[in-house]
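Chemist: Structure, please.
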Amino acid sequence: MIDAHLHLWDLDRVAYPWLTESLGPIHRTFSMEEAEPQFTQAGIDRVVLVQAANSDEDSRAMFAVAAESERVGGVVAWIDLLDPARAERQLDVWAEHPSFVGVRHLIHDEPDPDWLGRPHVHESLALLADRELAFDVVGVLPRHLEHALTLADELPGLHLVIDHLGTPPVGADETEPWRSLMSELGARPNTFVKLSGLTTLGPSGRATAVDLQPFVDHVMEAFGAARILYGGDWPVSTLAGSYRETLAVSDELLTGLSESQRRSVFGDSAATAYRMS
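Modeler: Below is the predicted model:
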């Protein structure tokens, strides 16, 4: 089993501008030592560490953990996508780490909803495609997903991984344009989507399997199990429940799947998306 979306942060070593005291219980350091027993209990074999700050310091901290933990199967780091020359230098440095599998930028924190459509960003993402690296998309706004569609068509060699099911409108009366955009993304063979970050959605911030089932069913139809990755989104997920509770919700959402489909969601899809051996 692979958890394709794990965050770690050390507030004494790395700055996380978004991680303020207003976030209460997650405004503290979260280490691999704290996570390990929960993974063992849940039967998780490998994890993918995902960046939580647009900085070299955060990436270096993740690579340091990966060097010490056999459980880390991959690291999704950060590079400066606005500066292709610098991005290429960073890619050369990160490539020295065997755990390096992809890149992410906190596009949802950018004031410009069209940030992902900037020419320099496309130029930098082409470098990822050339190196067979994935790009995680934090698709919070419809515009983010629209730009992901453009990227999927312009860079067919780039694996695009849509985080958190593309942030479905849980609890809203209208499911468009999310529904149509996810259908279009699913039609592109180089796109993947994470079953992650869902329990903290909705007006209450504690979404149940009943709340989430229609959205998961739609994505399952659009992408198929072979392009859906399970991700626990720990420790953000702890705002809604424990690691085991988060995993239990995912289990419930996937009740109707065959054994081979479950193997895809809980492991094989992550290995494919991130080209992990």
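
Chemist: The residue lying closest to L49 once chain neighbours are set aside in helix, strand or coil?
Modeler: Excluding the flanking residues, the one nearest L49 by CB to CB, 6 or more residues apart in numbering is M62, at 4.5 Å. (Glycine included, C-beta is placed from N, CA and C.) Following DSSP: H, G, I helix; E, B strand; the rest coil, the label given to M62 is helix.

Chemist: Isn't M62 up against S69?
Modeler: No: counting by CB atoms under 8 Å, M62 stays clear of S69, with 10.4 Å between them.

Chemist: Compare those two and say which one has the larger neighbour count.
Modeler: For M62 versus S69, the count of surrounding residues by other CB atoms under 10 Å is larger for M62: 29 against 17.

Chemist: From E70, how far out is that one?
Modeler: 15 Å (CB to CB, to the nearest Å).

Chemist: neighbours around V236, how many?
Modeler: 21.

Chemist: do the same with A209
Modeler: The burial count for A209: 17, using other CB under 10 Å.

Chemist: show me the contacts for it.
Modeler: 249, 252-253 (CB atoms under 8 Å, 6 or more residues apart in numbering).

Chemist: Sort out which residues of stretch 115-123 are buried, please.
Modeler: 115-116, 121-123 (16 or more other CB atoms under 10 Å).

Chemist: ugh, typo on my part, it should be stretch 69-81
Modeler: Using 16+ other CB under 10 Å as the test for burial, stretch 69-81 gives 69, 71-81.

Chemist: Next: stretch 234-249.
Modeler: 234-238, 240, 243, 246-247, 249.

Chemist: Looking at those residues, which are in strands?
Modeler: Assigned to strands by DSSP state E, none of the buried residues of stretch 234-249 qualify.

Chemist: Closest to R28 out of the residues you listed?
Modeler: P235 (8.9 Å; CB to CB).

Chemist: excluding its backbone neighbours, what's nearest that closest one?
Modeler: That would be F30: by CB to CB, 6+ apart, it lies 4.5 Å from P235.

Chemist: who touches the residue most central in space within the chain in this structure?
Modeler: Nearest residue to the geometric centre of the chain (CA atoms, centre = their mean): D163, 4.0 Å. The neighbourhood of D163, defined by CB under 8 Å, 6+ apart, consists of 5, 50, 104, 136-139, 194, 196-197, 231.

Chemist: And V72, by the same measure?
Modeler: 32, 46-49, 65-66, 99.

Chemist: how about the strands in the protein?
Modeler: Under DSSP E, the chain gives strands at 2-6, 46-50, 72-77, 100-104, 134-137, 159-162, 191-195, 228-230.

Chemist: correct me, but A66 touches A77?
Modeler: No: using CB under 8 Å, A66 is not in contact with A77; the gap is 10.1 Å.

Chemist: before we move on, back to that, now render the contacts of D163 as CSV, adding neighbour count.
Modeler: Formatted as CSV, the contacts of D163 follow (neighbours: other CB atoms under 10 Å):
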residue, neighbour count
H5, 27
V50, 26
R104, 22
D136, 27
V137, 28
V138, 21
G139, 27
K194, 28
S196, 26
G197, 20
G231, 27
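
Chemist: Mind putting those residues into CSV with distance to A85 and pLDDT?
Modeler: Shown next, in CSV, are the contacts of D163 (distance: CB to CB, whole Å; pLDDT from 0 to 100):
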residue, distance to A85, pLDDT
H5, 30, 98
V50, 25, 98
R104, 20, 98
D136, 22, 98
V137, 23, 98
V138, 24, 97
G139, 27, 91
K194, 30, 98
S196, 33, 97
G197, 33, 97
G231, 32, 98
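
Chemist: what's the closest of those residues to D12?
Modeler: V50 (20.4 Å).

Chemist: So what sits opposite the closest residue to the closest one other than its chain neighbours in the bridge?
Modeler: Take V50 and drop its neighbours on the chain: the residue closest to it by CB to CB, 6+ apart is V76, 4.5 Å away. On the basis of DSSP bridges, V76 is bridged to V50, G102.

Chemist: where does V76 land on pLDDT?
Modeler: Listed pLDDT for V76 reads 98.

Chemist: Likewise for S277?
Modeler: For S277, pLDDT reads 78.
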